[in-house]
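In: any chance you can model this:
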Amino acid sequence: MQDQDHTALPDLSGLNPEEWLDELAAIGTQEGFHEPLGPHHRAVFIDRGDTLLVSFQSREEIAEDPSGRPAGFATLAAHGWSQLVVVSDGDTWFRAPEVCDFFDKLTDDGFLDEFETVLFFGAGPGGYAAAAFSVSAPGAAVLALQPQATLAPDITEWDMRFRAHRRIDFSSRYGYAPDMLDAADRAVVLYDPNIAEDAMHSALFHRENVARYRLPFMGDRLLNDLKKMRILVPMLQALADKSLNRQTFGQIARARRNHTPYLRRLLGAVDARRREDLALLLCRNVVSRLSAPRFRRRLRAMEATAKAS
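Out: Residues are numbered from 1 along each chain as shown. Here you go, the predicted model:
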């Protein structure tokens, strides 16, 4: 691998879709390669360090980030990791034959064997792809956020969220993501157990080499929340150096205590159970640590009610 410093990549914010794709292609062409994979996917490789992060994101998901950069690029800046980003137009679950052919070719060419450490990463459809295509790099590590195991209706007919995508073929190569993890050294699946469908998909990933960690009350946008809490990169780093276990995961995830969207969802759950005593304790704790006007107003109202009674 090339020995380069951690020079900053071009700014990808504020570009229209066509400009963004052109700029991303230019980065790949300059620093590694850019390869279209049929009409709806493309792969961009940035050659930096001996650790390779293979990530899967839709163009629309990336566009939600103010930086306009794929989520994995943060590890390039922090640690100088090489990047292989597979980008889709829309939610395709990366099931196009061209994507499968691409990973077949990487395997045949021994491309992934050139790296000391290989990690696969994605969320939702990208989480599915991270698990499914990890089989192309035996011994790799995988971080999948709320992944789907498959959309095949004979297995997941209970998941009604993606009915419009059930015509996608999940029976051919790289099809059933949990089985594709058999060659992985280790995999971590993160999910919110309060989202029934995500919890059920997570259960399908039950394997000896898979750790399933719960993030209750985090909701269905784990990638955005992990980035906002600035714990995605530490989590990937811990996965890379084999230190990500239940204890270290708990330590990293303590950042939720300062993440107001999580705290609001937690308060909503407490209210739904009509536990005013727990709501009082929660508001006092949050107000003592954070500038949280909503929690402060709620605390004042509860204390006023208690004084009046």
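In: where do the helices sit along the stretch 151-300 of the chain?
Out: Taking DSSP state H, counting those that start in this stretch as the criterion, the stretch 151-300 of the chain contains helices spanning 153-156, 177-180, 196-204, 222-228, 232-240, 246-253, 260-272, 276-289, 293-308.
In: out of these, which gets nearest to V210?
Out: Across the helices of the stretch 151-300 of the chain, V210 has its closest neighbour in helix 177-180 (7.8 Å, CB to CB). Bear in mind the C-beta positions are built from the backbone N, C-alpha and C, glycine included.
In: domains in this structure, as residue ranges please.
Out: Domain ranges of the chain: 17-257, 261-308, per automatic domain parsing.
In: lowest mean pLDDT across the ones you listed, which one is that?
Out: When these are compared on mean pLDDT, domain 261-308 scores lowest, with a mean of 90.
In: contacting residues around the residue nearest to the spatial centre of the chain?
Out: The centroid of the chain falls nearest to A123 when counting by CA atoms, centre = their mean (3.5 Å). Taking CB atoms under 8 Å, 6 or more residues apart in numbering, we find A123 in contact with Q57, E61, A144, L145, Q146, P147, L222, L223.
In: check which helices and strands the helix or strand harbouring the first one is in contact with.
Out: Looking back up the chat, that one is Q57. Q57 belongs to strand 51-58 when assigned by DSSP states H and E. Packing partners of strand 51-58 (3 or more CB pairs under 8 Å, 6 or more residues apart in numbering; DSSP states H and E): strand 82-88, strand 117-123, helix 125-133.
In: which neighbours does that strand have in its sheet, and in what orientation?
Out: strand 82-88 (parallel), strand 117-123 (parallel) (DSSP bridges).
In: nearest to T75, of these?
Out: It's strand 82-88; of the strands paired with strand 51-58, that one is closest to T75 (CB to CB) at 7.7 Å.
In: next secondary structure after that closest one?
Out: The first helix or strand that comes after strand 82-88 along the chain, using DSSP H and E, is helix 97-109.
In: format the helices of the stretch 151-300 of the chain as JSON lines; extra columns: distance to P66 and mean neighbour count.
Out: Formatted as JSON lines, the helices of the stretch 151-300 of the chain follow (distance: least, CB to CB, whole Å; neighbours: other CB atoms under 10 Å):
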{"stretch": "helix 153-156", "distance to P66": "34", "mean neighbour count": "14"}
{"stretch": "helix 177-180", "distance to P66": "30", "mean neighbour count": "22"}
{"stretch": "helix 196-204", "distance to P66": "26", "mean neighbour count": "19"}
{"stretch": "helix 222-228", "distance to P66": "10", "mean neighbour count": "20"}
{"stretch": "helix 232-240", "distance to P66": "15", "mean neighbour count": "21"}
{"stretch": "helix 246-253", "distance to P66": "23", "mean neighbour count": "14"}
{"stretch": "helix 260-272", "distance to P66": "17", "mean neighbour count": "16"}
{"stretch": "helix 276-289", "distance to P66": "26", "mean neighbour count": "16"}
{"stretch": "helix 293-308", "distance to P66": "24", "mean neighbour count": "13"}
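In: if we can go back for a sec, looking at the helices and strands packed on strand 51-58, which is closest to R230?
Out: If you check each of the helices and strands packed on strand 51-58 against R230 by CB to CB, strand 117-123 wins as the nearest, at 16.0 Å.
In: may I see the buried residues of the closest one?
Out: T117, V118, L119, F120, F121, G122, A123 (16 or more other CB atoms under 10 Å).
In: got the contact list for the second one?
Out: Neighbouring residues of V118 by CB under 8 Å, 6+ apart: T51, L52, V54, L112, A137, G139, A140, A141.
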